[in-house]
Structure formats: C-alpha cells, structure tokens
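Engineer: Here is the input, now give the coordinates:
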Amino acid sequence: MFIGNISYLSFMKSKNTPAEPTKSELEILQVLWKCGPSTVRFVNDQLNEEKREVNYTSTLKLMQIMFEKGLVDRDDSQMKHVYTAAVEEKKMKAMLLDKFVETLYDGSASTLMMQLLGNKKTSKKELEAIREILKKLDQ
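Structural biologist: Numbers count the residues shown, from 1 in each chain. Predicted coordinates for the structure are as follows:
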C-alpha cells in the first residue's frame, strides 16, 4: 500500500510506535532480548530447543520481514548477518499489555488484576510483593 510517494512500511517505520509482532515474531524477539545480537542460525537453533521445530528458511524469511517492519536491525557487513532487536523489551511488552487490557478488559487494569488473582493460586510471597507495589502506588 502507498501513501503518496511513501510506502506503508516506510511510513510505519518512521513512526515512534513499533509494529505489533505476530506470535512467531515475538518468539524471535524473545531470543534476541535474552541472548543479544544473533545470527539467523543461532535464533533458529534456540527456537528449536526452547519452543518448537522451525525450519531455518522460515526463520530467515520471518527475520527479513521483521527487518522490513522495523522490529529488528541487521548488520550485514559480514557474510553472516547479525540481527538485534530494534525495540526495547520493556517498551514492547508495555505496548502489548496496554492493547490487551484495552481490548479484553475495556481499559481496566483492576478488572484484569482481579481476574488474575481469582484464576490462579497466588503464593504468600507473590501477594506480599503485590501489597508492596500497592503501597508504593498509594504514596
């Protein structure tokens, strides 16, 4: 799609809001956040060990698409291209969580928290950590 003389992808890359990753793209980003700059081979090996069986060519194509979307940066100065996450983990998780809360809980973080605490067995240690966070928010 084109907007004037600018392609949609170029337009999206120029915005400060990162593109929303697919589930598979998010798995790749998690490897890059955890392990740092990596080759496609390394990322593919990690996905096969930690997640599920993935073909190398699928990982390569997906990482090329992610580069076009602005989700990863690529150093192609060497024969083996090295990819890095172009968006900070904390920023991406915050964006995805905001969208999740807005979409499923009508923007209500308290409704989300009440459902989480009602659905899962929460340890005393976790409850104490939640109390500490609430105390800090009150101050």
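Engineer: show me where this structure has helices.
Structural biologist: 8-14, 23-35, 40-50, 56-69, 89-105, 109-119, 124-138 (DSSP state H).
Engineer: who wins for proximity to Gln78 among these?
Structural biologist: Nearest to Gln78, of all the helices of the chain, is helix 40-50, at 12.6 Å by C-beta to C-beta. C-betas here are computed from N, CA, C, even on glycine.
Engineer: ok and the closest one relative to helix 56-69, angle-wise?
Structural biologist: Counting by axes from the mean of the first three to the mean of the last three C-alpha atoms, to 10 degrees, helix 40-50 lies at 110 degrees to helix 56-69.
Engineer: in helix 40-50, what counts as buried?
Structural biologist: Within helix 40-50, the residues scored as buried using 16 or more other C-beta atoms under 10 Å are 40, 42-47.
Engineer: ok, of those residues, which one's closest to Val87?
Structural biologist: Relative to Val87, the closest of the buried residues of helix 40-50 is Val43; by C-beta to C-beta it sits at 16.0 Å.
Engineer: re earlier: mean pLDDT and distance to Asp75 added to the helices of the chain, as TSV?
Structural biologist: TSV is the format used below for the helices of the chain (pLDDT from 0 to 100; distance: least, C-beta to C-beta, whole Å):
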stretch	mean pLDDT	distance to Asp75
helix 8-14	43	17
helix 23-35	96	13
helix 40-50	96	12
helix 56-69	96	11
helix 89-105	93	20
helix 109-119	85	39
helix 124-138	89	39
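Engineer: Would you mind putting those into a markdown table with distance to His81 alongside?
Structural biologist: Formatted as a markdown table, the helices of the chain follow (distance: least, C-beta to C-beta, whole Å):
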| stretch | distance to His81 |
| --- | --- |
| helix 8-14 | 18 |
| helix 23-35 | 13 |
| helix 40-50 | 7 |
| helix 56-69 | 8 |
| helix 89-105 | 21 |
| helix 109-119 | 39 |
| helix 124-138 | 41 |
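Engineer: and of those, who's closest to Ser77?
Structural biologist: helix 56-69 (14.6 Å).
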